[in-house]
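Peer 1: the amino acid sequence is not available; the structure is as follows:
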């Protein structure tokens, strides 16, 4: 048997745990409920107990495990400490240190969950085979992660990869959750796409398949209609593609990755979404004929455990 | 005597060479004319001969020199090869390899000159003491360099740090040298600032100290007038500060450096320029109270030799 590593993705409802070969094969995954009471003080203990129990059941000696990685839904300092993690109730804790102690001194590394997911996609997902990727996760919000030389760029203040909060649209009037106005997230998240569709419908009398959904329209409804050729849905996606393509072009002028990896629910629109973004990305990067590619994430919700585990392999 | 390293900044008119202690002290610097004839085939030979002659004169044995670094005005591949360097006439050469052979196998590393200058400022300039900086050079054009973990991020297609070609202004109608429209360089280079001033003067009848310069106005004239309180010059610099501040905010959401280092002729405006940019930068980064600082470059034209030399010390 080869060496193993463990990836732990700490979420607000459950903690996902994956046991991997260090070569990247997922052997086993399971979930542990997230006990948030009393400042989340039981979370790491529950995870440690669950890992020890599973290793024993599977008769895997601890000596075969080279280390574990944690993905945390908030900023993580270089020493692994977490000042505040609202979703879990954590304040001034070092979850990696705590886990290491509970696992007999096993090496543990921690990172922000969005960055860790990007690392996972680089390791075994859509970005496999590339050293430098930028992941853009188009979900309820827009997250991101920057991986250069197979390593996470976390940023001095934990802001690296906050692609969703690049200011991109001067004409926006509504506020973003971050306190800004005109962020990428406001246009290209699932929420943002639905809002753009509502705006398009309100601003026009044109018939559209989107109208049957009314104000309850979702990003999937918009994308399905656009793929079917609905003119107003296509107009909506042109706006989304324009701003996302521009954002990717801006990112290219900063870190110039080999590929952009699109993840999150919106990315299920697949090649249609890539094509919609790419033409605008291409327009805004006239400086070079050689451009970063755009590919789809492949690991879905498992990206976090993959990336968490990958952290320990440097 | 401690160990030495050599930094070589290859320019279109002259090659600057610096001999350093590996601790960062500049011992000696000199220049070699750039012979561009016959595809620039004599450049590296001239540099090698000059280095050997200088070391002999100064009685520094080659064993004391740990290596040399080259800064090249164009894209450099990871293996040090240069496909094309218009300013020097180079096509498909590996200047570092050639120099190494001429210097008895001395280790040589090559990088793009703008990236190398950023590394120099990190080592011994305005970014000294920081591991993660983004340099923005406001000269005739706008260049840049991204240094993370004390290393240059060059990008997969050599585009990382091309801060000047971030698309930032949708309303722009004139074209940028890169083929794009609305780049950072078009507004905040020395050329761009002068153009903004001409636009402001043309669009208004307001009296202004800038008018005496007419169409020959320079960025320095604009900055001097703004510092003296001239309303139209201040309006001009608000536009420049707005777009530069926005660009820095966007960069922060990608790599989140410890500091931005401003260099180039325009940065001689000093704290006034920093203040003009910072308020806009601050506005566009509401996501965090902890922000990257903005400091001034200090090495001037020597940044290139410092950074070239620093490349070899990894």
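Peer 2: Perfect, I can see it now. The model shown is predicted, which means the values in this text are computed figures rather than measured ones.
Peer 1: pull the contacting residues for the residue of the stretch 101-250 of chain A found nearest chain B.
Peer 2: With CB to the nearest CB, the shortest gap between the stretch 101-250 of chain A and chain B falls at residue A:155, namely 2.6 Å. Every C-beta, even on glycine, is put in place using the N, C-alpha and C of the backbone. Counting by CB atoms under 8 Å, 6 or more residues apart in numbering or on different chains, residue A:155 touches A:161, B:132, B:252, B:255-257.
Peer 1: ok, residue A:70 - contacts?
Peer 2: A:8, A:10, A:95-96, A:99, A:108-111, A:308.
Peer 1: got phi/psi on it?
Peer 2: phi -110, psi 140 (degrees, to the nearest 10).
Peer 1: how about it: what's its closest non-neighbour residue?
Peer 2: Closest residue to residue A:70 apart from its sequence neighbours, by CB to CB, 6 or more residues apart in numbering or on different chains: residue A:110 at 4.2 Å.
Peer 1: what of residue A:218?
Peer 2: Nearest in space to residue A:218, with sequence neighbours left out and distances taken as CB to CB, 6+ apart, is residue A:194 at 5.6 Å.
Peer 1: so what sits opposite the nearest residue to residue A:304 once chain neighbours are set aside in the bridge?
Peer 2: Leaving aside its sequence neighbours, residue A:304 sits nearest to residue A:9 (CB to CB, 6+ apart; 3.2 Å). According to DSSP bridges, the residues that bridge with residue A:9 are residue A:16, residue A:71.
Peer 1: can you give me the neighbour number for residue A:9?
Peer 2: Neighbour count for residue A:9, taken as other CB atoms under 10 Å in any protein chain shown: 29.
Peer 1: any idea how far it is from chain B?
Peer 2: Taking CB to the nearest CB, to the nearest Å as the measure, residue A:9 falls 23 Å from chain B.
Peer 1: so which bits of the stretch 51-200 of chain A are right by chain B?
Peer 2: A:132, A:134, A:146, A:148-149, A:151, A:153-163, A:165-167, A:170, A:178-180 (CB under 8 Å from any CB of the partner chain).
Peer 1: show the buried residues in those residues.
Peer 2: A:132, A:134, A:146, A:148, A:151, A:153-163, A:165-167, A:178, A:180 (16 or more other CB atoms under 10 Å in any protein chain shown).
Peer 1: so residue A:144, which state does it fall into?
Peer 2: strand (DSSP: H, G, I helix; E, B strand; the rest coil).
Peer 1: which strand residues bridge it?
Peer 2: According to DSSP bridges, the partner residues bridging residue A:144 are residue A:136.
Peer 1: my guess is residue A:48 meets residue A:106, correct?
Peer 2: No: if you go by CB atoms under 8 Å, residue A:48 and residue A:106 don't touch, sitting 9.5 Å apart.
Peer 1: residues in contact with residue A:36?
Peer 2: Taking CB under 8 Å, 6+ apart as the test, what residue A:36 contacts is A:12, A:43, A:87-89.
Peer 1: beyond the longest helix seen in chain A, next helix or strand please.
Peer 2: As assigned by DSSP state H, the longest helix anywhere in chain A is helix A:231-252. Per DSSP states H and E, the first helix or strand lying C-terminal to helix A:231-252 is strand A:259-263.
Peer 1: buried set for the helix or strand just after that next one?
Peer 2: The first helix or strand that comes after strand A:259-263 along the chain, using DSSP H and E, is helix A:271-283. Neighbour-count burial for helix A:271-283 flags A:273-274, A:276-278, A:280-281 (criterion: 16+ other CB under 10 Å).
Peer 1: same thing with stretch A:76-84?
Peer 2: Here stretch A:76-84 shows A:76, A:80, A:82 as buried, counting by 16+ other CB under 10 Å.
Peer 1: which among the residues you listed gets closest to chain B?
Peer 2: residue A:76 (13.3 Å).
Peer 1: Provide the secondary structure category for that closest one.
Peer 2: Applying three-state DSSP: residue A:76 is coil.
Peer 1: now do the contacts for it.
Peer 2: A:82, A:110-112, A:154, A:158.
Peer 1: who's in contact with residue A:189?
Peer 2: Counting by CB under 8 Å, 6+ apart, residue A:189 makes contact with A:138-142, A:164, A:219, A:266.
Peer 1: now do 10 Å
Peer 2: Going by CB atoms under 10 Å, 6 or more residues apart in numbering or on different chains, residue A:189 touches A:137-143, A:164, A:176, A:183, A:195, A:219, A:240, A:264-266.
Peer 1: the residue nearest to residue A:304 against residue A:16, yeah?
Peer 2: Yes: using CB atoms under 10 Å, residue A:9 is in contact with residue A:16, at 4.3 Å.
Peer 1: quick check: neighbours shared by those two?
Peer 2: A:29, A:31, A:71, A:301-302, A:304-305, A:308.
Peer 1: what's the domain layout of chain A?
Peer 2: A:4-120+A:302-313, A:130-297 (automatic domain parsing).
Peer 1: ok, which of the ones you listed comes nearest residue B:314?
Peer 2: Residue B:314 sits nearest to domain A:130-297 of all the domains of chain A, at 12.2 Å, using CB to CB.
Peer 1: what sits closest to residue A:77 if chain neighbours are left out?
Peer 2: Using CB to CB, 6+ apart, the closest residue to residue A:77 is residue A:83 (7.3 Å).
Peer 1: host element of the one you found?
Peer 2: Using DSSP H and E, residue A:83 falls within strand A:82-85.
Peer 1: what's the first-to-last distance across stretch A:169-185?
Peer 2: 11 Å (CA to CA, to the nearest Å).
Peer 1: for stretch A:77-91, same thing?
Peer 2: End-to-end distance of stretch A:77-91 (CA to CA): 13 Å.
Peer 1: show me what that stretch is in contact with.
Peer 2: Stretch A:77-91 is contacted by residues A:10-13, A:15, A:34-41, A:43-44, A:70, A:72-76, A:92-100, A:108-113, A:154, A:156, A:158 when judged by CB under 10 Å, 6+ apart.
Peer 1: which ones among those lie within helices?
Peer 2: Those of the contacts of stretch A:77-91 lying in helices (DSSP H): A:37-40, A:43-44, A:95-100, A:113.
Peer 1: and those residues, which are buried?
Peer 2: Using 16+ other CB under 10 Å as the burial test, the ones in helices among the contacts of stretch A:77-91 include A:40, A:43-44, A:95-96, A:98-100, A:113 as buried.
Peer 1: chain B: which of these is nearest?
Peer 2: Among these, and counting by CB to the nearest CB, the member closest to chain B is residue A:113, at 16.6 Å.
Peer 1: ok so, going back, switch the contacts of residue A:155 over to TSV; also include distance to residue B:205 and pLDDT.
Peer 2: TSV is the format used below for the contacts of residue A:155 (distance: CB to CB, whole Å; pLDDT from 0 to 100):
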residue	distance to residue B:205	pLDDT
A:161	48	96
B:132	47	98
B:252	39	98
B:255	44	98
B:256	44	97
B:257	43	98
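Peer 1: let's have the residues you listed in a markdown table, adding distance to residue B:295.
Peer 2: Listed next are the contacts of residue A:155 as a markdown table, based on distance: CB to CB, whole Å:
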| residue | distance to residue B:295 |
| --- | --- |
| A:161 | 24 |
| B:132 | 13 |
| B:252 | 15 |
| B:255 | 16 |
| B:256 | 16 |
| B:257 | 11 |
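Peer 1: nearest to residue B:57, out of these: which one, please.
Peer 2: Nearest member of the contacts of residue A:155 to residue B:57, counting by CB to CB, is residue B:132, at 39.3 Å.
Peer 1: give me the distance between that closest one and chain A.
Peer 2: Distance, residue B:132 to chain A, by CB to the nearest CB: 6 Å.
Peer 1: quick check: phi and psi on that residue?
Peer 2: In terms of degrees, to the nearest 10, the main-chain angles of residue B:132 are phi -120, psi 110.
Peer 1: center of chain A - which residue?
Peer 2: Nearest to the geometric centre of chain A sits residue A:114, at 4.1 Å (CA atoms, centre = their mean).
Peer 1: I'm done for today, thanks for sticking with me.
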